[in-house]
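Enquirer: build me a model:
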Amino acid sequence: MNPKMECKRPNRVPLVLLLVLITLVPEVSAGGQEVVVKNDSVADFSEAAIQAGFVSGEKAAAWLTTPCQGHIVRVQILWLSFFGGAGDVLQESIEIFEAGSFPVPGSQLLELLGPLMVDGALNEFTVPFPIAIEQNQTFVVSLKFFETPPALGPSVVTDTDGCQAGKNGIFAIPDGWTNSCSFGVGGDFVIRAVVDCESVVTSIFSDGFESGNTSAWSSAEPPP
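Expert: So this is what the prediction gives:
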């Protein structure tokens, strides 16, 4: 492994690139099942970047779009240090917002206080009251820092294949909400949500045929 260094922005702590080996929650198809909604491309044995340039009170956020109608039931955040084995860290909060106008989130939908972050893990947190979500709706998940991360983490993580426009934001002090790409962050935050997708209900007509199958419709209702 050959770690590299690059800066997020002036006066910020450098980030570190490393190979990731974690157990990820498998993605499953929609239709009465759960789906992991994400922007990042991090997987086992892929490269990731520790973003250790945050200070207390700042936030890392991902704009996520659900492929299905259902409920947000859990949040996932990858938390890594360069050497591994760092102690658990209590952070300020996890927040879920409406999409708003990027890079500023909309109204707050939920706040989870005091999430305990475990090094080397895709930390998962259950939403106490599932949040209803429509198909193709965008929402925001953010982590607010209680303490400034050490130079080599643990901290939040991004992938390394480019920062997608309109999908990653930072609440910076004193700048406020800003597009993280403009800070030189070279990837997408590994901040995800799990959506419990509702089953697709297909209307059935009285003659037993599904809606849309107009060629098979009959003019009379079949006998009971």
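
Enquirer: centroid-nearest residue for the protein?
Expert: Centroid-nearest residue in the chain, with CA atoms, centre = their mean: R192, separated by 2.1 Å.

Enquirer: tell me the mean pLDDT over the helix or strand containing that residue?
Expert: Assigned by DSSP states H and E, R192 falls within strand 191-197. Regarding strand 191-197, the rounded mean pLDDT is 97.

Enquirer: partners of the longest strand seen in the chain, with directions?
Expert: For the chain, the strand that runs over the most residues, judged by DSSP state E, is strand 121-133. Strand 121-133 has the following strand partners under DSSP bridges: strand 70-80 (antiparallel).

Enquirer: hang on, the earlier thing: following the longest strand of the chain, which helix or strand shows up next?
Expert: Counting by DSSP H and E, the next helix or strand C-terminal to strand 121-133 is strand 138-144.

Enquirer: give me the pLDDT value at the nearest residue to G120 once chain neighbours are set aside.
Expert: Residue nearest to G120 in three dimensions, not counting chain neighbours: G84, with 5.3 Å by CB to CB, 6 or more residues apart in numbering. The C-beta positions use only the backbone N, C-alpha and C, and glycine is treated the same way. What the model reports as pLDDT for G84 is 88.

Enquirer: swap in D44?
Expert: Note for D44: predicted pLDDT of 81.

Enquirer: before we move on, back to that, now the longest strand of the chain against strand 191-197, angle please.
Expert: 50 degrees (axes from the mean of the first three to the mean of the last three CA atoms, to 10 degrees).

Enquirer: buried ones in strand 121-133, by neighbour count?
Expert: For strand 121-133, burial by neighbour count (16 or more other CB atoms under 10 Å) applies to 121-123, 125, 127, 133.

Enquirer: wait, which of those residues is closest to E47?
Expert: L122 (15.9 Å; CB to CB).
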